[in-house]
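K.L.:
Sequence first, predicted coordinates after that:
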Amino acid sequence: MSSLSKMLSILDLFTVDKPVWSAEGISTVIGCSAPTGYRYVRELVSAGLLLRLGTGSYSLGPRVITLDYQLRMGDPYYHAGQPLMAALANQTGCDCVMSRLFDDQVIDTHREAGPDGLQFAYGRGRPRLLFHGSAPKVILATLPKAKLKRIYRDHADEIISSGLVADWDDFWRMLQQTKKAGHYVSRGELEPQLGSIAVPFFGDSSQAIGALTLVIPVRRLDFMNHEKLLELLLKVAATLRANVHDSASATL
């Protein structure tokens, strides 16, 4: 690992469970000398990526916040999707969530709340469990078999922990069924009180780049018109793709 890679790996240490680190702790975990660890930390503080606290410890810095803002403002799917999702949440009374696939991670990038104001454990920026809930499944279902085999090999324990599949054959079979259906309905898979229905959305290829999900309390899910919800979701997904394509073409 290069010095730059090791320095940047420090940012991965800061989590919800451990948001504050000392320079000594950082040096120990990344496996470098104390002087080198202090130098890395000073450079990250100078870049605004870390913030020195009064206790001599460090947290993520303000530059992370501004980078997230710039990322959101530069995301064509956010700009095209936000008004569509807001209208859909208002029309259905459900929360609408956009999730994106980045390498092997599914991450929620935007949420429009419905009138119930549901409380989620997940939100923008927090990686999703790879096979829990509806969004990851509809995205993964569109990927080629070779890529899915690699994902399964690298994340088998996490995928099997969902309780929905026992091995690769189960994994492949479920995703093929999901691909054929074009959507997935989950009940309490990610959070016990919540259900959801998701569809994939696409860019310029047949592999989905993300999913749109309507999140619904489980107690309401069976009483809602799934066919109507699916129709509305598919319409928004198609409009989202068309609007992003038209916006990109207009800038050429």
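P.N.:
It's in.

K.L.:
Based on its surroundings, how many neighbours for residue 213?
P.N.:
Here the number of neighbours of residue 213 (other C-beta atoms under 10 Å) works out to 27. Bear in mind the C-beta positions are built from the backbone N, C-alpha and C, glycine included.

K.L.:
just residue 114 next, same as before
P.N.:
Residue 114 has 20 neighbouring residues, counting by other C-beta under 10 Å.

K.L.:
and what of residue 101?
P.N.:
Neighbour tally, residue 101, other C-beta under 10 Å: 20.

K.L.:
Apart from its neighbours in sequence, what residue is nearest it?
P.N.:
The shortest distance from residue 101 to any non-neighbouring residue, by C-beta to C-beta, 6 or more residues apart in numbering, is to residue 139 (5.0 Å).

K.L.:
show me the residues around the one you found that make contact.
P.N.:
99, 101, 106, 200, 208, 209, 210, 211 (C-beta atoms under 8 Å, 6 or more residues apart in numbering).

K.L.:
does the fourth one sit in a helix or strand, and which one?
P.N.:
Okay, so that is residue 200. Element membership for residue 200 (DSSP states H and E) is strand 194-202.

K.L.:
Give me the sheet partners of that strand and which way each runs.
P.N.:
Here strand 194-202 has these sheet partners by DSSP bridges: strand 184-187 (antiparallel), strand 208-217 (antiparallel).

K.L.:
List the buried residues in the shortest one.
P.N.:
Looking back up the chat, that one is strand 184-187. Of the residues in strand 184-187, 184, 185, 186 count as buried by neighbour count, 16 or more other C-beta atoms under 10 Å.

K.L.:
per-residue confidence averaged over that strand?
P.N.:
The average pLDDT within strand 184-187 is 94.

K.L.:
Check the offset of it from the chain's centre.
P.N.:
17 Å (C-alpha atoms, centre = their mean, to the nearest Å).

K.L.:
for the longest one, same thing?
P.N.:
Taking C-alpha atoms, centre = their mean, one finds strand 208-217 lying 11 Å from the centre of the chain it belongs to.

K.L.:
just checking, next helix/strand downstream of it?
P.N.:
The C-terminal neighbour of strand 208-217 among helices and strands, as given by DSSP H and E, is helix 218-221.

K.L.:
so the following helix or strand past that following helix versus strand 208-217, what angle?
P.N.:
Next helix or strand after helix 218-221 toward the C-terminus (DSSP H and E): helix 226-251. In terms of direction (axes from the mean of the first three to the mean of the last three C-alpha atoms, to 10 degrees), helix 226-251 departs from strand 208-217 by 140 degrees.

K.L.:
If you count contacts, what does helix 226-251 end up packed against?
P.N.:
When contacts are defined as 3 or more C-beta pairs under 8 Å, 6 or more residues apart in numbering; DSSP states H and E, helix 226-251 packs onto helix 76-92, strand 194-202, strand 208-217.

K.L.:
Make TSV from the buried residues of strand 184-187 and add distance to residue 43 to it.
P.N.:
What follows is the buried residues of strand 184-187, written out as TSV (distance: C-beta to C-beta, whole Å):
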residue	distance to residue 43
184	44
185	48
186	44
